[in-house]
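Q: here are the coordinates; sequence isn't available:
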């Protein structure tokens, strides 16, 4: 089992731990909404889709084994719900990514060695970056955001994570590798949807 934090959260939710249940929704509702909003342009529909996703996830939570991150597992359910929504609504699938621009992303992109040629490419790349961060395991996404968007030092990130500097450097290295793979995957997924 690779995702012990996620697995423990799920086990606590299954034991009807109210704090775990609230944490589950607090952490995943907004991330799933952004994930959905990148694929469905109607905010009302996204809210319904995410609620249905979380409802189905709760009904099937005992099937989560921790082999993938909980967010990845939830995204698969959400993808199915998005597909169902498009089938039932008669709408044609569209790709819309509505994320805030953040000037700090430029330095993050440069540090991750992602190239962009013009302003349009830069803006769409920034949106892909945010989607990719949402795909990553929570620790990876947070560490990268803290490092490249907030500009925290390794020692400051280590303090936030409650780890040492060497462990944090290792985590950042793994997070950057996962980000590169995830970035390509998100690009391919969005290209396939168009």
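A: Great, that's in hand. If you're wondering where the values come from, they're calculated on a predicted model, not measured in any experiment.

Q: so residue 158 sits right up against residue 171, yeah?
A: No - assessed by C-beta atoms under 8 Å, residue 158 is found out of contact with residue 171, at 9.0 Å. C-beta: built from backbone N, CA, C; applies to glycine.

Q: In space, what's closest to residue 75 - neighbours in sequence excluded?
A: Counting by C-beta to C-beta, 6 or more residues apart in numbering, residue 75 lies nearest to residue 35, which is 5.8 Å off, once chain neighbours are set aside.

Q: Check residue 7 too.
A: residue 66 (3.5 Å).

Q: Can you give me the neighbour number for the residue nearest to residue 75?
A: When neighbours are defined as other C-beta atoms under 10 Å, residue 35 has 24 of them.

Q: residue at max distance from the center of this protein?
A: Going by C-alpha atoms, centre = their mean, the residue of the chain most distant from its centre is residue 90, 27.3 Å out.

Q: Against residue 35, how distant is that one?
A: Relative to residue 35, residue 90 is positioned 22 Å away (C-beta to C-beta, to the nearest Å).

Q: ok, how many other residues are close to residue 148?
A: 24.

Q: next one: residue 44
A: With other C-beta under 10 Å as criterion, residue 44 counts 8.

Q: hey, which helix or strand in the chain has the poorest pLDDT?
A: Of all helical and strand segments in the chain, the minimum by mean pLDDT, DSSP states H and E falls on helix 104-111, at a mean of 43.

Q: Next, give phi and psi for the residue nearest to residue 7.
A: Backbone geometry at residue 66, expressed as degrees, to the nearest 10, gives phi 80, psi 10.

Q: cool, residue 17 as well?
A: Here is the backbone geometry of residue 17 (degrees, to the nearest 10): phi -80, psi 110.

Q: Which residues are in contact with it?
A: For residue 17, the contact set (C-beta atoms under 8 Å, 6 or more residues apart in numbering) is empty.

Q: Next one: the residue nearest to residue 75 from residue 159, what distance?
A: Residue 35 sits 30 Å away from residue 159, going by C-beta to C-beta.

Q: Check residue 34 too.
A: Counting by C-beta to C-beta, the gap from residue 34 to residue 159 is 27 Å.

Q: Next: residue 182.
A: Residue 182 sits at a distance of 26 Å from residue 159 (criterion: C-beta to C-beta).
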